[in-house]
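Novice: Make a model of this:
(chains A and B)
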Amino acid sequence: MNAIMTPPRSTDAQPCVHLQGIHKFYGAVHALRGVDLTIKRGEVCVAIGPSGSGKSTLLRCINQLEQISAGRVFVLGELAGYTEIDGRMHVLAPRRVAEQRRRTGMVFQRFNLFPHMTAIENVMEGPVQVKNMPRAEARENAQALLKRVGLAELAGRYPSQLSGGQQQRVAIARALAMEPEVMLFDEPTSALDPELVGEVLDVIKDLAKSGMTMMLVTHEIGFAREVANHLVFMDQGAVVEEGDPRDVLNRPSNPRTRAFLSKVL
Amino acid sequence: MDIEKAAPDRLVPTRQADRVGAVKLNEVVPRRHPGRWVATLLLLWLAISFAQNVATNENFHWDIFAQYVFAPQVIRGVGWTILLTVAAMAVAISIALLLVVMRGSDNPILRTCAWFWIWFFRGTPVYTQLLFWGLFAVLFPRISLSLPFGGEIVGLDTKMLVTPAVAAIVGLGFNESAYLAEIFRAGFNAIDRGQLEAAQALGMRQGRIWRRILLPQAMRVIVPPTGNETIGMLKMTSLVLAVPFTLDLMFATNAIANRLYLPVPLLLVAGFWYLSITSLLMVGQYYLERHFGKGVDTIRARTE
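Specialist: Below you'll find the predicted structure:
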């Protein structure tokens, strides 16, 4: 790899993701109300909370799919989306935004695989088009990634020929192909039939074990308890409670957390 | 898991097989449709009588048709008509793609320009536009780049640039681009927003996203109506006599008809060629649709 193309890897001391006073307005709706959050390297941060609490919006702010109204997003120490000069936020060129997004991988609730490409072509697309990797090398990597998510034999299938769980695993492989430093999962199992949830969660669990830094938005409380080492409970656009998942889930200190958990557990 | 994976391939029985593995398949008796046979015979009888009448009817002057269908000036007309169609569509498609990207842009100047282009070329009759392109060299005898109040930097006579063929292609192409832009816009709007987000999340830049992700998916929706427009364009080329451009198929057959005082056989000649070219275009469209249906048509193939 070209040394200039490789983004600087953050050090252990530096947080991977650092959110400072994030506000988001949709017109008059105040979707995020001053969120602060730090995700350290190797941390698995899981956000839970009722629908409409802003957890997906928050996740999407990290890779700039949502534009924040106030605050700062730092990914790997770099201010996302802007250059700050004398307190004013100058919008970055689209090229720079695209470069920043490469360092995060995103998995969507509705998979969003490219329907006109086979599974392996989906996984190859990022490396070939964005990193200019030779096709042969990209294909080899993609094959290895598909094997890692247990889909080696289905590489030639189109998304329409795959089950939801298989599609979501291809989507995870596609995100991993860019070798991101942070993985973002936006309710990765919410659109799946119940019997397919497990296969996707297993892949995410393996990823967590491999030391990947990630943030997950999910409704799977049991899964959060198992893999998270940083649990965030959000309600009405704010982080109400956060900390070690066992503490938050077993001894919630905030009444709103208690009320939510009593409904879902 | 293994059985499940293998299943879709194995469970497809051949038409004759009455068993798959240990399973004896149902013996299915298809419904009979006697009405269809009656209708077929009736239609065949009608078609044959009509064909026989047309073939033997002297008013059609089939001898003249045979004499002129491959006449050099007709063949040249066919060539020019195809050339005009292809060139005008190429111009139209290029501009329409540009217009669609402009209309979807953040840049208000580009958005407004695209809007005005579509408004103007869709809002005026193509015949009028062709007349104006024909008069272009009269209205603007010389095209030049010059400084305000200063001398001319470069310039040339418009007649050299806007020949009748160029006027015809530009006139037809610009007019068509406005219609195609709307078709293309519909195609791009049909794509789920998640596709754009997924591509952005990979760090792809706007140009690549259009070319690699959005365009191939939009094509599936765009190709059928664009095929329609191409066939429409084929016949719209007969309007180029407004320029006046006088080498196309319709003009050639009309000229012969006027000389012979026999319009019918020459109309048949023109019709024969228009129908032949349309058939050829339809074959092309079939392959285009098949190509861009990748990943979608597979579902249809499996459920059938």
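Novice: All the helices of chain A, in order from the start?
Specialist: A:55-62, A:94-101, A:119-129, A:135-148, A:164-176, A:194-209, A:221-227, A:245-250, A:255-264 (DSSP state H).
Novice: May I have the helix or strand where B:Pro216 lies exported as PDB, CA atoms only?
Specialist: According to DSSP states H and E, B:Pro216 maps onto helix B:215-236. Provided in PDB are the C-alpha atoms of helix B:215-236 (Å, rounded to 0.1, in the frame of the first residue of the first chain):
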ATOM      1  CA  LEU B 215     -26.600   4.700 -13.100                       C
ATOM      2  CA  PRO B 216     -26.600   0.900 -13.500                       C
ATOM      3  CA  GLN B 217     -29.700   0.700 -11.200                       C
ATOM      4  CA  ALA B 218     -31.500   3.600 -12.900                       C
ATOM      5  CA  MET B 219     -30.800   2.000 -16.300                       C
ATOM      6  CA  ARG B 220     -33.300  -0.800 -15.500                       C
ATOM      7  CA  VAL B 221     -36.000   1.800 -15.200                       C
ATOM      8  CA  ILE B 222     -34.700   4.100 -17.900                       C
ATOM      9  CA  VAL B 223     -34.100   1.600 -20.800                       C
ATOM     10  CA  PRO B 224     -37.700   0.800 -21.700                       C
ATOM     11  CA  PRO B 225     -39.000   4.400 -22.100                       C
ATOM     12  CA  THR B 226     -35.700   5.400 -23.700                       C
ATOM     13  CA  GLY B 227     -36.300   2.600 -26.300                       C
ATOM     14  CA  ASN B 228     -39.700   4.100 -26.800                       C
ATOM     15  CA  GLU B 229     -38.100   7.500 -27.400                       C
ATOM     16  CA  THR B 230     -35.500   6.100 -29.800                       C
ATOM     17  CA  ILE B 231     -38.200   4.600 -31.900                       C
ATOM     18  CA  GLY B 232     -40.100   7.900 -31.700                       C
ATOM     19  CA  MET B 233     -36.900   9.700 -32.800                       C
ATOM     20  CA  LEU B 234     -36.500   7.400 -35.800                       C
ATOM     21  CA  LYS B 235     -39.800   8.700 -37.100                       C
ATOM     22  CA  MET B 236     -39.300  12.200 -35.900                       C
END
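Novice: So which bits of it are buried?
Specialist: B:215-223, B:225-227, B:229-231, B:233-236 (16 or more other Cβ atoms under 10 Å in any protein chain shown). The C-beta positions use only the backbone N, C-alpha and C, and glycine is treated the same way.
Novice: Which ones, among those, also lie beside chain A?
Specialist: Among the buried residues of helix B:215-236, the ones lying near chain A by Cβ under 8 Å from any Cβ of the partner chain are B:Pro216, B:Gln217, B:Arg220.
Novice: any idea which of those is closest to A:Leu249?
Specialist: Closest approach to A:Leu249 among those (Cβ to Cβ): B:Gln217, at 42.2 Å.
Novice: Can you verify my assumption that that closest one contacts A:Met117?
Specialist: No: at 10.1 Å, B:Gln217 does not count as touching A:Met117 under the criterion of Cβ atoms under 8 Å.
Novice: Which residues does stretch A:174-183 contact?
Specialist: Contact partners of stretch A:174-183, identified using Cβ atoms under 8 Å, 6 or more residues apart in numbering or on different chains, comprise A:7, A:9-10, A:16-17, A:39, A:62, A:75-76, A:102-107, A:113, A:122-127, A:130-131, A:138, A:141-142, A:145, A:148, A:207, A:212-215, B:201-203.
Novice: How far off centre is that stretch?
Specialist: 10 Å (Cα atoms, centre = their mean, to the nearest Å).
Novice: Check stretch B:68-79 too.
Specialist: 23 Å.
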